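In: Dropping a prediction and its sequence here:
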Amino acid sequence: MAEKVTHSIVVGGPVAIHTVDGVIRRVRPLVLDGSDPKGWVIKARSKLGGPQDKEYTPNRKVQPGFIAMTEKNRAYSYDRIRYPMIREDFVETADGKGRNTENRGKSGYRRATWDEALDLVVREIKRIQGTYGKESVTACTSSHHSWGLLGYKLSTFARFFRMLGYTEIKDNPDSWEGFMWGAPHTYGYYWRLGGAEAFDLLEDGLQNVETMIMWSHDPDTTRGGYAGNESTMWRHWLDDMGVQFIYIDPYNNFSSIKQADKWIAPRPGTDTTLCEAIAYVWLTEGTYDKEYIAKHSHRFDEWKDYILGNGPDKQPKTPKWCELESGVPAADVKALARRWATTKTMGGCGMRGGFGGVVRTANGTEFSRSLVVLYAMQGMGKPGQNIWSGSTGAPMDYDFWFGGYSDPLSSIAGEPIADKAAVNVVTQKLYRPNVPDAILDGHYDWYGEGFCGGGLDQQFTEHIYPEPGCSKVHMFWRYGGTFIGTMLDTNKWVRMYKSPELEFVVNQDIHFHGEARFADVVLPACTSLERYDIGELCNSGNGGYQSHSQTGNSWQVVVFQDKAIEPLWESRSDYWIFSETAKKLGWGDAYTEGRSELDWCKRFWEKSDLCDRISWEDFIKKGYYIAGVPENWERHPAFRWFAEGYPCDTPNHKPFQEEGKLGTFTGKFEFVSESLLYYAPHDEARTPIASYKRSWEGHHSIRAKKYPFHLISPHPRFDYHTQHNQSTPWFWEIPENREYINGNPYLIARIHPKKAVEKGIKDGDLVKLFNERGAVICVARVTNRVEENTIHAYGSSGIYNPLKPGETSMDIGGCVNLLVPGRLQGEIAPGMVPNSCLMDICKYEHADKLPNSQLFEDKLDRVAKEADSDAESSLEIITGHGFEKIQAKVRENYLKKEAGAV
Amino acid sequence: MANKIMIQHMFKKDGFYKEPDGKVLKVVVSEVWNLRCFEIVDGKLTGPMIKIHPESDRAKALVEVV
């Protein structure tokens, strides 16, 4: 029994995988050895006010999020798509009509061979593009599929579809909408997609900060994005030295209950009133940095008039006014404002200072802009005064360059990794939140370029679908995850899939998510443990999207993602699937350039600094490389250059910053936005002065009479997008995640005790969350941890389990995104707002009437058995270490094939 | 103020620069402290990534290809 140890990197962080006889036995965190470099050392206080005499250094292991520990379960999961499948009532008609599209979502599947499935896909691509034009095919990945520069969506997937020619679907910034569409109009940083820089702020924080304001921020849940739990220890250090933590969130979240000195719970969507009332206190008490504002602000006095009630609305933004709107006691507002003004205060919204559920509300742009001006008023960039939310800003080796997933240089779709870049000849585009609207209505207009990192003007480019002279879309290739769990008013996606406008639907995924069940052809991809890849922890792009996000780690790690096991069942790597399809289309050699997956991995090594640091042979033998931080690294604290007035010296800056300017029109903090006055003077969502606006779906709206509760559905604690929860049944045993009743894992929905009494709901009851857009059955958790007008249930459910498959019916999978509005932040501010959602709740009394056939395990069993009568049942796999049986079967089949070949 | 300062306004990202020996480099990354370039041969990015400090003699010898 030979044990093999390989390494990989997943969205939760880097892991080591122990494999025995081709079976994964254990997945564990990556532990450094003696040959790895020393960690950085930061000298700072041990107590507030004390000398800077304590040394802080990270543990010698990389600390992934717990979701990374599910990788064995994800690989052997009961819900793996095991074989290529074709919808059993799919009819391959010559004109694309009469294909029983209305049965999508409820039809069964038959098992197919890879050749049969891919031949059908290729015939349909040729027919559809031949009939309507190249733009009639569209394709989209989920936000994140599997980590690794080769397999990532902007690499393997992008190369295939750009070579094919297709209508690209632009992603929306679904984690930081308000900061993307709002904050750049106040302080620039459009090239960081609205997020502030955070360079060297961990050291600044440890040395100087006295108060941390964690606004809509649950770092132990969102885990710094891809950084896992690398930053958890930093916040403990701050806590231990006596830094005061103030959490502001309608839900007393998991980080807050562990750490908060004070929890403030505004009514959802009213946070901007809190910003404005804090500013009111500072203005009336004179406790802001007047010198800084005089030097660095633009049209401050007009904004000041607005706050003090001297503007057109004549409403002073007093703490009492805030209390009436937000429910936060005026005394708390004043206390918060005074503490902020009198102590060195850092903080931010969400994991990178500009994320968090509050920015995904109707007022999210205005909140983001208001938060930025608060930090400006206290001298943003001075020691201990900055936007920094305790989950980024560690020292790193900026002289080491290895690409991240958004770097054009780090994709097999472009040079220099590929010899020849793939270029999409189609200009028509779609916008992800509105794909169903475009398909169902046949027309859609929208603004922006998705992620608008190229300039403020990009937010205002206009798109029309179909583009003049272009065809509508008739084929959709979905790749990974399920939008029914992450997008808006998602019964629209159900209606879209049933439309005959979509003549052909392909779904390529690892697990049989809810959205896969609407496809005509299902293609089984393997996990990243079953193929080769290469990637760096938390590097989303050095030079690309929100650069140097690795400062959210204590260790900068590049991992050779070795193949731990062969692809299970008949799954294949995404690269194999696209290569084979390209081959059948007649351009396989152009797609692969003759390279295997391992060859491509080596290209990433040789086209980066990695090849100067470690040989290829040593790298693949060791499995990872750690770029150490020089002992006396040069400090470049974020924004210090601006506060102190010298040319910008931080990485990822723009030429005008070398003149000491921000990326706004005036180069200053714009309290009245000149860019909005120029591009969008009549934008009702983003006014030149950022201001609180009552939500069109808030407690003042007429809908509130019918749907009195406000649903908030933040990013999930027990998942990453939709990748883990469905495929990892042991997660369902976590009481704060799901409760497993009669074979179905119901999502937890949290309700305040006072409202629970009014509604006759007890803890543990099944409850129905509903509005006119849909209904979802959850299990009630009655808790004082939630603001009393709020229902809290995590979004991004990978499980979608409608009682009537294929219909827009009640869901028992916990897909609360069925309920959230499809309306965007504004007519020309295309941010999604799932946290501006009104709904009602009641006890659900009919659980005993749910037929067993509707329960989750049984549904998946049926699919598996229809495809293969010998397939294991879900229960066998969940409870009986089914992976050993699976492996035995894989070996047996392999031996049979080998025997046949002989 | 730190010593290492990127003089980015002197070099355009995606710009082409000729070295004294006639090699043409394309600046592919200019947002960190070193320029990152690839040599252009037959219109393609070739060879390994080249790191040039913006204050180095090599950087000073670069001439923009307009």
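Out: Happy to help now that I have it.
In: drop to CA atoms for contacts and neighbour counts, all remaining ones
Out: Fine.
In: who are the neighbours in contact with the closest residue to chain B within the stretch 151-300 of chain A?
Out: Closest approach between the stretch 151-300 of chain A and chain B, counting by Cα to the nearest Cα: residue A:191, at 10.8 Å. Counting by Cα atoms under 8 Å, 6 or more residues apart in numbering or on different chains, residue A:191 touches A:452, A:453, A:454, A:455, A:545, A:546.
In: Alpha carbons of the top strand by length along chain B, in CSV - could you do that?
Out: The longest strand of chain B (DSSP state E) is strand B:44-52. In CSV, the C-alpha atoms belonging to strand B:44-52 read as follows (Å, rounded to 0.1, in the frame of the first residue of the first chain):
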residue,chain,number,x,y,z
LYS,B,44,4.5,37.6,-31.0
LEU,B,45,5.5,37.7,-27.4
THR,B,46,8.4,35.3,-27.1
GLY,B,47,10.9,34.0,-24.6
PRO,B,48,10.8,34.4,-20.8
MET,B,49,9.4,37.4,-19.0
ILE,B,50,12.0,40.2,-18.8
LYS,B,51,12.2,42.2,-15.6
ILE,B,52,13.6,45.8,-15.9
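In: Quickly run through the sheet partners of it, with directions.
Out: strand B:35-41 (antiparallel) (DSSP bridges).
In: just how off-centre is the strand it pairs with within its chain?
Out: Counting by Cα atoms, centre = their mean, to the nearest Å, strand B:35-41 is centred 7 Å from the centre of its parent chain.
In: Go through it and flag the buried ones.
Out: The neighbour-count check on strand B:35-41 (16 or more other Cα atoms under 10 Å in any protein chain shown) flags B:35, B:36, B:37, B:38, B:39, B:40 as buried.
In: got a list of what the closest residue to the third one other than its chain neighbours touches?
Out: Nearest residue to residue B:37 in three dimensions, chain neighbours excluded: residue B:27, at 4.4 Å (Cα to Cα, 6 or more residues apart in numbering or on different chains). Counting by Cα under 8 Å, 6+ apart, residue B:27 touches B:11, B:12, B:13, B:14, B:15, B:16, B:17, B:35, B:36, B:37, B:38.
In: And for residue A:227?
Out: Applying Cα under 8 Å, 6+ apart, the residues near residue A:227 are A:12, A:13, A:64, A:65, A:537, A:538, A:550, A:552, A:553.
In: Now it. Nearest residue, chain neighbours left out?
Out: Here the residue nearest residue A:227, using Cα to Cα, 6+ apart, is residue A:538, at 5.2 Å.
In: And the helices in chain B, which stretches?
Out: Counting by DSSP state H, chain B has helices at residues B:57-60.
In: picking up where we left off before, any chance of CSV for the buried residues of strand B:35-41, columns pLDDT and distance to residue A:38?
Out: Converted to CSV, those look like this (pLDDT from 0 to 100; distance: Cα to Cα, whole Å):
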residue, pLDDT, distance to residue A:38
B:35, 88, 27
B:36, 91, 27
B:37, 96, 30
B:38, 97, 32
B:39, 97, 35
B:40, 97, 38
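In: Can you give me the neighbour number for the closest residue to residue A:445 other than its chain neighbours?
Out: Closest residue to residue A:445 apart from its sequence neighbours, by Cα to Cα, 6+ apart: residue A:464 at 4.5 Å. Residues lying near residue A:464 (other Cα atoms under 10 Å in any protein chain shown) number 15.
In: To which secondary structure element is residue A:464 assigned?
Out: Under the criterion of DSSP states H and E, residue A:464 resides in strand A:462-465.
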